[in-house]
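[1] Any chance you could fold what I've pasted below:
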Amino acid sequence: MHIVVCIKQVPDSAQIRVHPVTNTIMRQGVPTIINPYDLFAIEEALRLRDKFGAEVTILTMGPPMAEDTLRKALTFGADRAVLLTDRFFAGSDTLATTFALATAISKIGATFGAPDIVFTGKQTIDGDTAQVGPGIAKRLGLTQLTYVSRIAEIDVAARTIQVERRAEGGVQVLSTRMPCLITMLEATNEIRRGSLSEALRAARAEIIKWSAADAGIKDVAKCGLRGSPTIVKKVFAPTARSTKATFVEPGEQPPAEALIAEIFKQQPELEAKLMTLARGY
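    Now for the predicted structure:
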């Protein structure tokens with residue numbers, strides 16, 4: 001088995017800044033981390049490797065400094081890491097990102113063997129679109145299994161997989177054939193601690209670095225800002241609330257009417273909006 005895990009280096013959400021002209025996230029000078037949702041995808045891939053003897057390839061697209069994120073992923077036990085980096089990728093929206101990643105996955109398949117499973121996190125904390133995983137699946141013609149909470153069964157010989165997927169109102173049990181793409185839900189597992197030997201190996205490991213040309217991307221107009229039709233009208237950080245939460249001691253809870261009246265007193269505009277909505281019905 002060969003498993004590819006797509007991860008992303010994201011800015012620490014507590015220190016995010018937005019470019020005032022392009023409305024894109026400014027990453028320079030902001031501490032970066034592995035997208036937290038991607039950690040669940042990495043761990044699930046490693047669990048399958050431990051059980052079935054698979055190879056795990058980590059893939060990310062980003063600036064040269066994203067190499068640090070890949071080395072971190074290698075400390076958990078992944079077999080290799082590929083960094084897709086080129087100035088043509090700057091400013092990519094989800095459409096341009098899925099084009100570049102899907103092309104790189106095809107190159108990985110041709111170089112190291114076709115992947116049986118492609119993992120991603122359910123979404124990223126900087127974009128929150130949850131579009132990249134399904135977009136990659138569409139471009140590569142893979143069955144997509146989104147919001148997966150558990151991999152119930154895999155039959156390597158028959159190349160089938162059964163998963164549990166969280167849905168509104170319950171859990172769906174889905175079976176399909178591999179290859180497929182899975183987006184892992186949060187809190188489905190706990191990322192392992194890398195061993196000292198894995199940390200030493202990660203420090204010495206050669207990160208495979210591909211430019212757009214190396215990955216086989218022939219039309220760079222489909223990458224970066226040029227290949228991104230998304231128009232962001234405005235991005236802003238929410239203003240901090242000046243009011244503090246009211247703590248109610250156990251056993252001293254006032255009537256609901258009193259609580260609602262206090263809320264309306266602190267937020268008179270909320271009461272006006274609710275009254276307007278009520279009149280509309």
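[2] pLDDT averaged over the one helix or strand residue 72 maps to - what is it?
    Following DSSP states H and E, one finds residue 72 within helix 67-75. Across helix 67-75, pLDDT averages out at 95.
[3] Show me what that helix is in contact with.
    Residues outside helix 67-75 that contact it (CB atoms under 8 Å, 6 or more residues apart in numbering) are 5, 7-9, 32-34, 42, 58, 60, 62, 81-83, 194, 198-199, 201-203, 205, 207, 209. Every residue, glycine included, has its C-beta placed from N, CA and C.
[4] Same question for stretch 171-184.
    Taking CB under 8 Å, 6+ apart as the rule, stretch 171-184 contacts 37, 40-41, 44, 114-123, 130, 133-134, 136-137, 140, 142-149, 151-152, 159-166.
[5] and these, which are buried?
    Neighbour-count burial within these applies to 37, 40-41, 44, 115-123, 130, 133-134, 136-137, 140, 142, 144-149, 151, 161, 163-165; the criterion is 16 or more other CB atoms under 10 Å.
[6] Restricted to strands, list those.
    Using DSSP state E, the members of the buried ones among the contacts of stretch 171-184 that fall in strands are 117-121, 144-149, 151, 161, 163-165.
[7] Which of those residues sits closest to residue 219?
    Looking at those and their distance to residue 219, the nearest is residue 118, at 22.4 Å (CB to CB).
[8] Can you verify my assumption that that closest one contacts residue 135?
    No: Residue 118 is beyond contact range of residue 135, at 11.6 Å (criterion: CB atoms under 8 Å).
[9] ok, back up a step: so which of the contacts of helix 67-75 sit within helices?
    Judged by DSSP state H, the subset of those located in helices is 42, 198-199, 201-203.
[10] neighbour-wise, which of those leads?
    Counting neighbours by other CB atoms under 10 Å, the top entry in the ones in helices among the contacts of helix 67-75 is residue 42, with 26 neighbours.
[11] Can you verify my assumption that that residue contacts residue 58?
    Yes: assessed by CB under 8 Å, residue 42 is found in contact with residue 58 at 7.2 Å.
[12] so what sits against both of the two?
    Jointly contacting residue 42 and residue 58 under the rule CB under 8 Å, 6+ apart are 5, 7, 73, 78.
[13] neighbours of residue 62, just the number please.
    The local packing of residue 62 (other CB under 10 Å) involves 21 other residues.
[14] correction: residue 80
    Applying other CB under 10 Å, we find 18 other residues in the vicinity of residue 80.
[15] looking at the sheet around the nearest residue to it once chain neighbours are set aside, what are its partners?
    Using CB to CB, 6 or more residues apart in numbering and skipping the chain neighbours, the partner closest in space to residue 80 is residue 57 (5.2 Å). According to DSSP bridges, residue 4, residue 80 are recorded as the beta-bridge partners of residue 57.
[16] any idea how far residue 57 is from residue 79?
    Shown here: residue 57 relative to residue 79, a distance of 7 Å by CB to CB, to the nearest Å.
[17] Neighbour count for the two, which is higher?
    Of the pair residue 57 and residue 79, residue 57 is the one with more neighbours under other CB under 10 Å, namely 25 against 16.
[18] Against residue 228, how distant is the more buried one?
    Looking at residue 57 against residue 228, where the rule is CB to CB, the gap reads 26 Å.
[19] again, but for residue 278
    Applying CB to CB, one obtains 42 Å for the distance of residue 278 from residue 228.
[20] okay, these two: which has more neighbours?
    Set side by side, residue 278 and residue 228 give different neighbour counts by other CB under 10 Å, the larger being at residue 228 (19 against 8).
[21] Identify the residue spatially nearest to that one, adjacent ones excluded.
    With CB to CB, 6+ apart as the criterion, residue 228 has its nearest non-adjacent residue at 3.7 Å, and that residue is residue 93.
[22] residues in contact with that neighbour?
    With CB under 8 Å, 6+ apart, residue 93 has these contacts: 228-230.
[23] pLDDT weak spots in the stretch 101-250 of the chain?
    Applying pLDDT under 70 to the stretch 101-250 of the chain flags the ranges 236-238.
[24] ok, now with 50
    For the stretch 101-250 of the chain, no stretch is flagged by pLDDT under 50.
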